[in-house]
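J.: Whatever this is, show me its structure:
(2 chains)
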Amino acid sequence: DGGITQSPKYLFRKEGQNVTLSCEQNLNHDAMYWYRQDPGQGLRLIYYSQIVNDFQKGDIAEGYSVSREKKESFPLTVTSAQKNPTAFYLCASSIRGSDDQPQHFGDGTRLSIL
Amino acid sequence: KNEVEQSPQNLTAQEGEFITINCSYSVGISALHWLQQHPGGGIVSLFMLSSGKKKHGRLIATINIQEKHSSLHITASHPRDSAVYICAVKWYTGNQFYFGTGTSLTVIP
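T.: As a prediction, this is how the structure comes out:
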C-alpha cells in the first residue's frame, strides 16, 4: 500500500537539543510539506518542497530546517532556535502543480519538551 | 490572520442524524479541501472541490463560489464519523493551503 510514514510517533526534546522528524512517502509524489498543529489553531505550513534539492519556507519556518535529497524523503529538523517546539507535526505529499489533487498526510509526530 | 472560518466549532449529534459543517473564506480560491482528522491525529483527505458538488458514500460536499462558502454533509451519521473535520483553501494568488481550525464532531449511539 502506498502512503506516508512519519517517525517517531512521539518525541521528546531537551533544552538546547536539535531533533529530526522523519517523513517517507512511496506515492511517487513530487511535492512534500511539513505542517505544525497547535491546539485551537489550523495547520500552519513550515516548509515545502516541490522537487528534489529544492524547498521553500512556509509561514513559520524560523527555528526549523529541512532537506530534500531524495524524492521519497523530507526530514524536518527542529533546532534549538525554535523556542516553542511543543506541537503536533504533520507531513504531507501531493502531485505537483495540480489544484485538483489532494494532499496525503502521515499520522504525525507529537513533540514535547523535557 | 486566519481567513478560513468553520462553523460550528463543536457538534454533538445522535446516531442517524443529518449533519452539516460549514466553511467560509474571504477571497477567491482555486481549490478547497475537506479533511478528516481522527482522534489519534492522522488526517485523511475527503474531497477536493473547485465548483459544484461531490458525493462519496454518506458524505456530500458542496461549494458556492459566489458566496465563498462550502458545506460538508453527513447523512445517516454513525459513531465512527466522530472526528475533527477540517476545511482548507488555496487562494488564486498562492500555491499553499490555508486551514480552518476544524469542527469537532461527536456522534452518540
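J.: Nearest the geometric middle of chain A, what residue?
T.: The residue lying closest to the centre of chain A (Cα atoms, centre = their mean) is residue A:34, at 2.7 Å.
J.: Please report phi then psi for it.
T.: phi -120, psi 130 (degrees, to the nearest 10).
J.: tell me the contacts of the closest residue to it other than its chain neighbours?
T.: Of all residues not flanking residue A:34 in the chain, residue A:46 sits nearest, at 4.3 Å (Cβ to Cβ, 6 or more residues apart in numbering or on different chains). For glycine as for every other residue, the C-beta is placed from the backbone atoms N, C-alpha and C. The contact partners of residue A:46, taken as Cβ atoms under 8 Å, 6 or more residues apart in numbering or on different chains, are A:34, A:35, A:36, A:58, A:59, A:60, A:61, A:64, A:66, A:76, A:89.
J.: and with 10 Å instead?
T.: Residues in contact with residue A:46 (Cβ atoms under 10 Å, 6 or more residues apart in numbering or on different chains) are A:33-36, A:57-66, A:76, A:78, A:82, A:87, A:89-91.
J.: Ok, residue A:38 next?
T.: Contacts of residue A:38 (Cβ under 10 Å, 6+ apart): A:44, A:84, A:86, A:87, A:88.
J.: Let me see the ranges of the strands in the chain.
T.: In the absence of a named chain, chain A is used. Secondary structure of chain A, counting by DSSP state E: strands at A:4-7, A:10-13, A:19-25, A:31-37, A:44-51, A:54-57, A:64-66, A:76-78, A:87-94, A:104-105, A:109-113.
J.: You answered for a different chain; I wanted chain B.
T.: Using DSSP E, strands in chain B cover B:4-7, B:10-14, B:19-25, B:29-37, B:43-49, B:52-56, B:59-64, B:69-74, B:83-91, B:97-99, B:103-108.
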